[in-house]
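Trainee: when you get a sec, could you give me coordinates for this:
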Amino acid sequence: MSKPRIKNEDQYEALKDKGYSKEKAARIANSPDSGKKGGKADPYEEWTKNELYDQAKNVGIDGRSKMNKKQLIKALRNN
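Mentor: This next block holds a predicted model:
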């Protein structure tokens, strides 16, 4: 079986070092805009609810379909 491809290896390794599971670290490192940091990505408050929902889906947040924008932001930040 081949090793899954990780889009952002540095972020993946950093997340694993912080205690994230391999699966969760891979989901985050493979999500769009995962390499944006240092203030280059727009703050979640400027995202639409649909964009937040899609990001929550990318990182595997459960219950996202029942969340409002504020709840999605909180879930993404605490993920």
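
Trainee: quick check: domain ranges of this structure?
Mentor: Residue ranges for the domains of the chain, per automatic domain parsing: 7-34, 47-79.

Trainee: can you tell me which of those domains is nearest to Ala41?
Mentor: Nearest to Ala41 among the domains of the chain is domain 7-34; the distance by CB to CB comes to 5.4 Å. Glycine gets a C-beta too; all of them are placed from N, C-alpha and C.

Trainee: list the buried ones in that closest one?
Mentor: Counting neighbours by 16 or more other CB atoms under 10 Å, one finds that the buried residues in domain 7-34 are 8, 11-12, 15, 20, 25-31, 34.

Trainee: helix or strand for the nearest residue to Met67 once chain neighbours are set aside, just tell me which one.
Mentor: In this structure, Met67 finds its nearest non-sequential neighbour in Ala75, 6.4 Å apart by CB to CB, 6 or more residues apart in numbering. Assigned by DSSP states H and E, Ala75 falls within helix 69-78.

Trainee: export the lowest-mean-pLDDT helix or strand in the chain as CSV, just CAs?
Mentor: One helix or strand of the chain scores below all others by mean pLDDT, DSSP states H and E: helix 22-30, with a mean of 79. Taking C-alpha atoms only, helix 22-30 is exported to CSV below (Å, rounded to 0.1, in the frame of the first residue of the first chain):
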residue,chain,number,x,y,z
LYS,A,22,-1.8,11.3,11.8
GLU,A,23,-5.3,11.4,10.2
LYS,A,24,-6.2,14.9,11.7
ALA,A,25,-2.8,16.3,10.9
ALA,A,26,-3.1,15.0,7.3
ARG,A,27,-6.6,16.5,6.9
ILE,A,28,-5.4,19.9,8.0
ALA,A,29,-2.1,19.8,6.0
ASN,A,30,-4.1,18.8,2.9
